[in-house]
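# pasting the structure only:
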């Protein structure tokens, strides 16, 4: 970004897995920062972090923290956002919230800039950043929906542990080493820190991300279902999701089945849409075994798509494999993109 | 098994990941063995293995190895089966072949005993054991299809490295340790030993199992599609598959979407069908976070089913999570089950 005007920016939850990536992304993007405030829980307050070579002391996030703040990037859990985001707005900040607290709230834009950037304009102080697994899917599907219509989405996810925070990543690392040493695995965090039971993630797969809802779906699955409809402005689009946590650190992968509206669509057409789409990189060539993987997508801001195939029975059916860094496009980068859009479009 | 008559049994490929499990399963089942012959490549010939406390010297598998053999369990790769299985049959053995060599051959029964045991009767010397990921899926789906009809199957798999043999398991172990040590990952086996490119599996996911076909699907995906139709005697059933290799050692998991034929079906009905089905264990209770995982299913012969949910849009749609030990029900145990059926039904 190259801007002459500069802005006061607060990062709430700066020490978390996403917060750290927010700082890296703001640095990488040369974001026009006048003053930077790093806010955290009282536990982390007083500790120090480095941004652009300068040391910052973390302050405890309180209702008074947001005086003179222009843009507040929240990523400290839903309860912190519920308590402090309205206070930040009262003091004149625009909040970009990376938690699920306001995503489905009426009147709060839920934004993936490649899909529905215009929605940002309607904000009343809070803009919600969607769930990580949702962002990469809608970024890949929207170009198809716009060009060819969409009648159905069925997704099975392959999600990295960093989506559950730094503690979950530490747990995978420790359990993996214990397993390789022939020791017993101790599970204390995954699948969900606050839930009753914990199961090993090392060399395993857990078909539970976030807590179970009344209908037998997990909250992660319902987030993918509901947020997709809201972001795409497609309330009647049938979306089904099965979300699975897997033993890798970074990037979510998704096996996505779609049915388009238009007849006679070819794989080549969908590949071309992907090649032209903003933020999407097509990596798809079976003859050279070219396809994205969690490791190949890590530390990159794009969404990678491969394995595009026509269904063998359903004329309008296609299968895709979608991979992206869950902490970047799935969280920090998408939030910073929204902040950049606020500035360049004068929507602040 | 308790049988008075005893049989001469040969295991071809005894040192492989599946071969080792075949021996364990024959021991566990107290299989009525008169004479046991352990056959291998010339490379492993002369080395020793223990069965039921007795030491056996491996012999090189040749066309002459099958004299007086009643049952030959093949698991040494497709080319070995193509060369030696017809020779074994000529010498009077019945071959149970765990490779893909004869699975789709006209006149060769392809059998999962819980699904199509009667097909064994038609054998002309060779009975094919299906692909691991296919076996557990059809075992779980057949009770539903029989009771409620089935109009569609879409599966995304989560497959263990042991499906690619002991070398692949060693590679995961070595790469995992290297990753934890901060060293570079060397890939020489996965995704497919004989293919051009190799990618790290540790802390990663590879959307390629077996080689790519002309149509953009992998051979593993086409195996699931074609074998499912053959085993279920449902040539027109639409089946779609996306197969993914993951960094765990044992058990395949599957996210399966089905549409039943009957209207008004409930989750409870499907759960009851699973509870009554042979070889299936229902592990499904969101209120206690009960669901199967690769680690929980390892070293067990059953197929475990959980996360059964009704689709939120398609009235006849249901989602299931199916897990089983790929080396047992997916390979060795299914083969031994076929052998037991040959004996108890007098179909040898």
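Yes, it's here. For clarity, every value in this text was computed on a predicted model and none was experimentally measured.
# I'd like the next helix or strand past the lengthiest helix in chain A.
Ranked by residue count and defined by DSSP state H, the top helix of chain A is helix A:132-148. The helix or strand immediately downstream of helix A:132-148 is strand A:150-158, counting by DSSP states H and E.
# what angle do that following strand and strand B:150-158 make?
Orientation check (axes from the mean of the first three to the mean of the last three C-alpha atoms, to 10 degrees): strand A:150-158 against strand B:150-158 gives 40 degrees.
# by contact count, what packs against strand A:150-158?
Helices and strands touching strand A:150-158, by 3 or more C-beta pairs under 8 Å, 6 or more residues apart in numbering or on different chains; DSSP states H and E, are helix A:132-148, helix A:219-231, strand A:239-242, strand A:252-260, strand B:150-158. In short, each C-beta sits where N, CA and C put it, glycine included.
# Any chance of the ones you listed in JSON lines with mean neighbour count as columns?
JSON lines is the format used below for those (neighbours: other C-beta atoms under 10 Å in any protein chain shown):
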{"stretch": "helix A:132-148", "mean neighbour count": "25"}
{"stretch": "helix A:219-231", "mean neighbour count": "23"}
{"stretch": "strand A:239-242", "mean neighbour count": "25"}
{"stretch": "strand A:252-260", "mean neighbour count": "25"}
{"stretch": "strand B:150-158", "mean neighbour count": "24"}
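# Reformat these as a markdown table; add distance to residue B:232 and mean pLDDT.
As requested, the helices and strands packed on strand A:150-158 are exported to a markdown table (distance: least, C-beta to C-beta, whole Å; pLDDT from 0 to 100):
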| stretch | distance to residue B:232 | mean pLDDT |
| --- | --- | --- |
| helix A:132-148 | 31 | 98 |
| helix A:219-231 | 28 | 98 |
| strand A:239-242 | 23 | 98 |
| strand A:252-260 | 21 | 98 |
| strand B:150-158 | 8 | 98 |
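# Quick one: closest of these to residue A:126.
Proximity to residue A:126, assessed across those by C-beta to C-beta, is greatest for helix A:219-231 (14.4 Å).
# That closest one vs helix A:132-148, what angle?
30 degrees.
# and helix A:219-231, anywhere near chain B?
Yes - counting by C-beta under 8 Å from any C-beta of the partner chain, chain B has neighbours in helix A:219-231: residue A:225.
# who touches that helix?
A:100, A:103-104, A:110-112, A:115-116, A:130-131, A:133-134, A:137-138, A:141, A:153, A:155, A:157, A:209-213, A:215, A:217, A:234-237, A:239-243, B:312 (C-beta atoms under 8 Å, 6 or more residues apart in numbering or on different chains).
# Let me see the contact set for the closest residue to residue A:261 other than its chain neighbours.
Among residues not flanking residue A:261 along the chain, residue A:149 sits closest, at 2.6 Å (C-beta to C-beta, 6 or more residues apart in numbering or on different chains). By C-beta under 8 Å, 6+ apart, the residues touching residue A:149 are A:260-262.
# Reformat those as TSV; add distance to residue A:327.
Shown next, in TSV, are these (distance: C-beta to C-beta, whole Å):
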residue	distance to residue A:327
A:260	31
A:261	34
A:262	35
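# any idea how far the residue in the stretch 1-150 of chain A that chain B sits nearest to is from residue B:19?
Proximity of the stretch 1-150 of chain A to chain B (C-beta to the nearest C-beta) peaks at residue A:150, 12.9 Å away. Counting by C-beta to C-beta, to the nearest Å, the gap from residue A:150 to residue B:19 is 47 Å.
# What of residue A:49?
For residue A:49 relative to residue B:19 (C-beta to C-beta), the value is 55 Å.
# higher neighbour count, those two?
More crowded of residue A:49 and residue B:19, by other C-beta atoms under 10 Å in any protein chain shown: residue B:19, with 27 against 19.
# In three-state terms, how would that one be classified?
helix (DSSP: H, G, I helix; E, B strand; the rest coil).
# For residue A:55, name its beta-bridge partners.
When bridges are called by DSSP bridges, residue A:55 pairs up with residue A:50.
# wait, isn't it in contact with residue A:48?
Yes - counting by C-beta atoms under 8 Å, residue A:55 touches residue A:48, with 5.3 Å between them.
# name the element the closest residue to residue A:35 other than its chain neighbours belongs to?
In this structure, residue A:35 finds its nearest non-sequential neighbour in residue A:8, 4.4 Å apart by C-beta to C-beta, 6+ apart. Using DSSP H and E, residue A:8 sits in strand A:7-12.
# Just list what that strand packs against, helices and strands only.
Applying 3+ C-beta pairs under 8 Å, 6+ apart, we find strand A:7-12 packed against helix A:17-28, strand A:33-40, strand A:71-74, helix A:78-90.
# ok, residues contacting the shortest one?
If I follow you right, that is strand A:71-74. A:7-13, A:22, A:66, A:80-81, A:84-85, A:88, A:93-99, A:335-336, A:339, A:342, A:348.
# so what strands line up beside that strand?
Strand pairing for strand A:71-74, using DSSP bridges, gives strand A:7-12 (parallel), strand A:94-97 (parallel).
# And for stretch A:115-128, what's in contact with it?
Stretch A:115-128 is contacted from outside by A:85-86, A:88-89, A:93-97, A:101-103, A:105, A:107-111, A:113, A:138-139, A:142, A:231-233, A:338, A:341-342, A:345, A:347, using C-beta under 8 Å, 6+ apart.
# now do 6 Å
Applying C-beta atoms under 6 Å, 6 or more residues apart in numbering or on different chains, the contact partners of stretch A:115-128 are A:85, A:89, A:95-97, A:102-103, A:108-111, A:138, A:142, A:231, A:338, A:341, A:347.
# who touches residue A:321 in this structure?
Here residue A:321 is in contact with A:306-307, B:207 (C-beta under 6 Å, 6+ apart).
# Closest one of the residues you listed to residue A:166?
residue B:207 (27.4 Å).
# of all the helices and strands packed on strand A:7-12, which lies closest to residue A:174?
helix A:17-28 (16.2 Å).
# Any buried residues in that closest one, and which?
Across helix A:17-28, burial judged by 16 or more other C-beta atoms under 10 Å in any protein chain shown covers A:17-26.
# Give me the packing partners of that helix, helices and strands only.
Using 3 or more C-beta pairs under 6 Å, 6 or more residues apart in numbering or on different chains; DSSP states H and E as the contact criterion, no helix or strand is in contact with helix A:17-28.
# in which helix or strand would I find the closest residue to residue A:163 other than its chain neighbours?
Here the nearest residue to residue A:163 in space, its sequence neighbours aside, is residue A:326; by C-beta to C-beta, 6+ apart that works out to 5.1 Å. If you go by DSSP H and E, residue A:326 is not part of any helix or strand.
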